[in-house]
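Visitor: below is the sequence, then the predicted model.
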Amino acid sequence: MVVGGALYGPVWGTLLNIAAASFGAIMSFMLARFLLRDWLEGRIQPHWVHHIEQIEQQGWKYLALIRLMPFSPFNLTNYLSGLSHLSLFRYWLVTAVCLIPAVFAYTYLGYVSREIILDGSELVQKGALAIGLVILTGYVPRILAMMGIGYSIHIHNHHS
């Protein structure tokens, strides 16, 4: 994502990064649903079953909050979602929309990094804004929860 921002700027970089991330997510989702289901179900760790159950129970709302968390296990979520009953269209839509804040922040970080290297002016302002955007994305789920939107997400660790 950072490279997309450096190469294409904040607007085109964001659009291209969302398209690429969505395409990759859909491919993983479809692999899990149609080709690797039996293999994945036989190897899934018990503590990840909770995520499939939450997707089943809460549907797109749970997936939306996972996608809004900037440091969530993106690829694992793709495969786990493919094992759920969530429709491909809803999965794609929620993924594409909810990735926007984090994708924009990381894309903008790449753009600013390039600008700082090439221009060097306003180093502190540009750098602070880019880093602030990345940090702010980590608070999006909490802000939504404070507004009464969504659910809180708890990752359960089951120790053997």
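Guide: Okay, I see it.

Visitor: average pLDDT across the lengthiest helix in the chain?
Guide: The residue-count maximum for a helix in the chain (DSSP state H) belongs to helix 2-30. Here helix 2-30 scores 94 as its mean pLDDT.

Visitor: packing partners for the next helix-or-strand element following that helix?
Guide: Using DSSP states H and E, the helix or strand that follows helix 2-30 in sequence is helix 37-43. Contacting helix 37-43 under the criterion 3 or more C-beta pairs under 8 Å, 6 or more residues apart in numbering; DSSP states H and E is no other helix or strand. Placement of C-beta: from N, CA and C, glycine included.

Visitor: list the buried residues for helix 37-43?
Guide: L40 (16 or more other C-beta atoms under 10 Å).

Visitor: local confidence estimate at M147?
Guide: Note for M147: predicted pLDDT of 60.

Visitor: does the most centrally placed residue in the chain sit in a helix, a strand or a coil?
Guide: Geometric centre of the chain, nearest residue: R67, 3.8 Å, by C-alpha atoms, centre = their mean. The three-state label given to R67 by DSSP: H, G, I helix; E, B strand; the rest coil is helix.

Visitor: what is the least confident helix or strand in the protein?
Guide: helix 140-146 (a mean of 66; mean pLDDT, DSSP states H and E).

Visitor: before we move on, the earlier item: and the residue nearest to the centre of the chain, how close does it get to I117?
Guide: Taking C-beta to C-beta, to the nearest Å as the measure, R67 falls 31 Å from I117.

Visitor: what do you get for G24?
Guide: For G24, the distance to I117 (C-beta to C-beta) stands at 28 Å.

Visitor: more neighbours, those two?
Guide: Remark: of G24 and I117, G24 carries more neighbours, 14 against 9, as counted by other C-beta atoms under 10 Å.

Visitor: which residue is the nearest non-sequential neighbour of that one?
Guide: Nearest non-adjacent residue to G24, counting by C-beta to C-beta, 6 or more residues apart in numbering: N78, 7.6 Å away.

Visitor: perfect, that will be all.
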